[in-house]
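Asks: The following comprises the amino acid sequence and a computationally predicted model.
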Amino acid sequence: MLCKKDLIIISYLRRNARQSLTSISKKTSIPISTIYDRLRIHYGNVILRHTSLIDFSKLGFTAKANIALRVDSEEREALKMLLMKSHNINSIYKMNNGFDFLAEGLFKSIQEVDSFMELLESRFRIRDKEVYYIVGDIKREGFLSDPQIVGAMGEM
């Protein structure tokens, strides 16, 4: 279980993972050594990795799609491997409710999305698919990123 202090530290990192421990210490009144020790304990377990959020459209990837797929059970592993190897797939989730996978893909155009879907359909017997084009982010990576709300939550 995480204590309130740990959640507050994590919320500051969720907001800006590049801020210094000194800065977090000043904002929270938690000693730097305690912050360091708490992060070291949680790294690799609760804190999986530090990463950057990128505006992919500024890199030319203007088509973002969430793709839900269902295939026969004997094809699931092969589909998962193809999705994992695809440079266009950002995230893959195992699902239920009639689908096997949800893949978040980033493409330069809608035509690239269509070509990707044609590739999948040529290699696998797709039982069901749904493609949702994402036209804009409203809220992204916001959970546990506000120290004031986290502080009011108590222990988890």
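Replies: Thanks, I have the structure now.
Asks: make it CA atoms for all contacts and neighbour counts henceforth
Replies: Fine.
Asks: got a list of what the spatially most central residue of the chain touches?
Replies: With distances taken as C-alpha atoms, centre = their mean, Ser91 lies nearest the centre of the chain, 6.6 Å away. Residues in contact with Ser91, defined by C-alpha atoms under 8 Å, 6 or more residues apart in numbering, are 103-105.
Asks: List the strands paired with the helix or strand hosting it, with their directions.
Replies: Element membership of Ser91, judged by DSSP states H and E, is strand 89-94. Strand 89-94 pairs in its sheet with strand 101-107 (antiparallel), by DSSP bridges.
Asks: And the partner strand, how far out from the chain middle?
Replies: The chain centre lies 11 Å from the centre of strand 101-107; the measure is C-alpha atoms, centre = their mean, to the nearest Å.
Asks: likewise stretch 17-29?
Replies: 24 Å.
Asks: just stretch 44-63 next, same as before
Replies: The answer for stretch 44-63 is 8 Å, by C-alpha atoms, centre = their mean.
Asks: Just give me the neighbour total for Leu79.
Replies: 20 (other C-alpha atoms under 10 Å).
Asks: distance of Tyr43 from Asp37?
Replies: Tyr43 sits 10 Å away from Asp37, taking C-alpha to C-alpha, to the nearest Å as the criterion.
Asks: Which helix runs longest in this structure?
Replies: helix 110-123 (DSSP state H).
Asks: what's downstream of it, the next helix or strand?
Replies: Once helix 110-123 ends, the next helix or strand along the chain (criterion: DSSP H and E) is strand 126-134.
Asks: Adjacent strands (with direction) for that next one?
Replies: Strands that pair with strand 126-134, judged by DSSP bridges, come out as strand 63-71 (antiparallel).
Asks: The partner strand vs helix 110-123, what angle?
Replies: Angle of strand 63-71 versus helix 110-123, following axes from the mean of the first three to the mean of the last three C-alpha atoms, to 10 degrees, is 10 degrees.
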